[in-house]
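>>> Model the structure of this input:
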Amino acid sequence: MKFLPRHLFPVLLVTTCGMAGYAVGHLGISAEENPLAEGGSSDSRRAHTRERRSGENPAENFRRLILDRKNEENLWKVVSRLPAAEIPEALRILREARAITASRTMEENRLDEIESALYYRWAESDPAAAQADVAAMPGAPDEQAGAKRNKLMKSVLNAWMKTDPDAAYRSVKDQYYFSHMGRDMLVKTWTAQNVFENLKRFPDKEKDLFASYCAEAAKREDSRNAMLKALKERPDIPDRDRGYGLLFREWTRTDLPAAMAEAKNVDLPGFEKIVLENGIQMQPAAALRWAAGKNIPPDGRTWWEGYSSWISSDTADAEQWLEKQAPVWEEAGHFEAVAMLRIQQLSKQDKIDLKTEQPIWTALVSKWKSQDLEAAEKWLNGAWAEGQSIPRILSAKGDQGDQ
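Residues are numbered from 1 along each chain as shown. Okay, here's the model as predicted:
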């Protein structure tokens with residue numbers, strides 16, 4: 001039999017299956033050799049029984065194997081057999097080994113994975129004790145300790161969620177550092193067919209859980225479609241509007257065109273505008289390009305703020321897009337929108353280049369006044385224009401250098 005290669009330890013995630021399945025699927029241990037695996041051989045089970053009858057202490061066996069890299073598979077067999085009562089001692093032994101191990105090494109990673117497996121094993125037998133032990137560990141403001149504690153809590157909750165997801169969530173739902181972790185794991189066990197009944201069991205966390213479920217459902221086409229169907233068929237749901245909003249908000253993050261196409265079929269006033277604005281907030285460049293391509297007129301603060309974010313992340317791309325789009329919107333009479341977008345450009349400049357800006361603003365305002373003098377004058381006299389020195393740009397004479 002081959003030993004487990006050293007480089008595989010960082011990927012030995014105990015979160016994917018039970019301890020028996022973990023040993024079989026990730027550690028190179030066959031089902032026949034693993035006494036915990038269903039269908040394991042009678043010889044293996046008899047060997048395990050003999051081991052217990054011989055009086056060999058499981059924790060001491062663990063101590064003997066933890067630093068013996070030549071018997072890696074046997075170590076993981078021992079971990080998979082440890083009774084809950086022996087795990088605290090095994091953890092103490094592991095920490096002794098870590099104390100003499102160099103940090104940021106493959107060996108340290110190996111010990112971390114063994115620790116996660118021990119907590120997963122503990123949670124299979126006594127989840128409340130395993131959870132309480134992790135919760136008592138130091139966390140913030142020590143970032144390294146906090147990250148370690150989060151990883152171990154994830155191992156505990158993953159094991160517990162397989163047997164009693166409600167109890168697993170209740171154990172952390174009021175804990176600041178772990179409530180989101182438990183919430184996100186719990187809703188992954190739900191479906192669109194049972195989500196509304198499940199929410200009734202957690203009245204104090206109903207809105208938070210509903211938001212998390214909708215965001216999770218939006219990530220996959222099958223669950224998203226099932227949730228859309230459930231929302232359509234249940235107009236009596238108190239949070240129905242919010243459910244639609246949360247579902248589509250996550251959807252726009254990954255596929256704005258598809259989300260916008262489906263938004264037309266939602267019977268909520270102004271819903272398409274809400275979905276588009278969500279898209280502009282999360283991915284402004286893609287959303288603004290999409291909207292302009294559909295001849296959707298610019299509308300309000302979300303557009304200006306989205307364009308401002310775009311300029312901050314990619315100034316040249318954002319400015320090139322506006323130079324091409326501005327004449328189209330001016331031709332359609334959207335002068336204020338163009339002015340507001342250009343103000344976003346000015347706000348990013350340390351100094352105003354009058355040679356560049358004065359011709360642009362003079363042409364814009366002149367055309368605006370020729371079509372709607374009152375609106376143009378009102379805007380020029382307003383706080384937006386004054387705050388960005390638009391009147392001074394228009395009236396500047398003589399030296400046209402930076403101001």
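>>> tell me the secondary structure for G333?
coil (DSSP: H, G, I helix; E, B strand; the rest coil).
>>> er, D350 I mean
coil.
>>> Look up how far A339 lies from it.
21 Å (C-beta to C-beta, to the nearest Å). (C-beta placed from N, C-alpha, C; glycine too.)
>>> the more surrounded of these two?
A339 (22 against 5; other C-beta atoms under 10 Å).
>>> pretty sure that one contacts W379?
Yes - counting by C-beta atoms under 8 Å, A339 touches W379, with 6.6 Å between them.
>>> any common contacting residues for those two?
The contact sets of A339 and W379 overlap at 368, 385 (C-beta atoms under 8 Å, 6 or more residues apart in numbering).
>>> ok, residues contacting whichever strand or helix holds I343?
Element membership of I343, judged by DSSP states H and E, is helix 335-347. Around helix 335-347, the neighbours that count as contacts under C-beta under 8 Å, 6+ apart are 297-299, 303-304, 307-308, 311, 319, 322, 326, 329-330, 352, 357, 360-361, 364, 367-368, 371-372, 375-376, 379, 384-385, 388-390.
>>> try stretch 266-276
So stretch 266-276 is contacted by 241, 244-245, 248-249, 252, 259-260, 263-264, 287, 291, 296, 299 (C-beta under 8 Å, 6+ apart).
>>> Could you give the secondary structure assignment for R63?
helix.
>>> I'd like to know how many residues surround Y213.
Per other C-beta under 10 Å, the neighbour tally for Y213 reads 27.
>>> ok, for it, nearest residue in space, not its chain neighbours?
Distances taken as C-beta to C-beta, 6 or more residues apart in numbering place V187 nearest to Y213, at 4.1 Å, with adjacent residues excluded.
>>> Listing request: residues of the chain with sub-threshold pLDDT.
Scanning the chain for pLDDT under 70 picks out the ranges 1-56, 140, 386-388, 397-403.
>>> Please repeat the previous calculation with a cut-off of 90.
1-61, 67-72, 138-146, 234-240, 254, 297, 299-300, 345-356, 380-403 (pLDDT under 90).
>>> Show me how far the helix holding I343 is from its chain's centre.
33 Å (C-alpha atoms, centre = their mean, to the nearest Å).
>>> and whichever helix or strand comes after it, C-alpha only, in PDB?
Using DSSP H and E, the next helix or strand after helix 335-347 towards the C-terminus is helix 354-371. The C-alpha trace of helix 354-371 is given here as PDB (Å, rounded to 0.1, in the frame of the first residue of the first chain):
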ATOM      1  CA  LEU A 354      -9.100  74.300 -18.500                       C
ATOM      2  CA  LYS A 355      -7.600  73.700 -22.000                       C
ATOM      3  CA  THR A 356      -9.400  70.300 -22.000                       C
ATOM      4  CA  GLU A 357     -12.400  71.000 -19.900                       C
ATOM      5  CA  GLN A 358     -13.600  74.400 -21.100                       C
ATOM      6  CA  PRO A 359     -14.400  73.400 -24.700                       C
ATOM      7  CA  ILE A 360     -16.200  70.300 -23.500                       C
ATOM      8  CA  TRP A 361     -18.400  72.200 -21.000                       C
ATOM      9  CA  THR A 362     -19.000  75.200 -23.300                       C
ATOM     10  CA  ALA A 363     -20.300  72.900 -26.000                       C
ATOM     11  CA  LEU A 364     -22.400  70.900 -23.600                       C
ATOM     12  CA  VAL A 365     -24.000  73.900 -21.900                       C
ATOM     13  CA  SER A 366     -24.500  75.800 -25.200                       C
ATOM     14  CA  LYS A 367     -26.400  72.900 -26.700                       C
ATOM     15  CA  TRP A 368     -28.400  72.400 -23.500                       C
ATOM     16  CA  LYS A 369     -29.400  76.000 -23.400                       C
ATOM     17  CA  SER A 370     -30.500  75.900 -27.000                       C
ATOM     18  CA  GLN A 371     -33.000  73.200 -26.200                       C
END
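>>> Now do the next helix-or-strand element following helix 354-371 against helix 335-347, angle only.
Note on helix 354-371: by DSSP H and E, the next helix or strand toward the C-terminus is helix 373-380. Relative orientation of helix 373-380 and helix 335-347, computed by axes from the mean of the first three to the mean of the last three C-alpha atoms, to 10 degrees: 20 degrees.
>>> what's helix 373-380 in contact with?
Contact partners of helix 373-380, identified using C-beta under 8 Å, 6+ apart, comprise 335-336, 339, 365, 368-369, 385, 390-391, 394.
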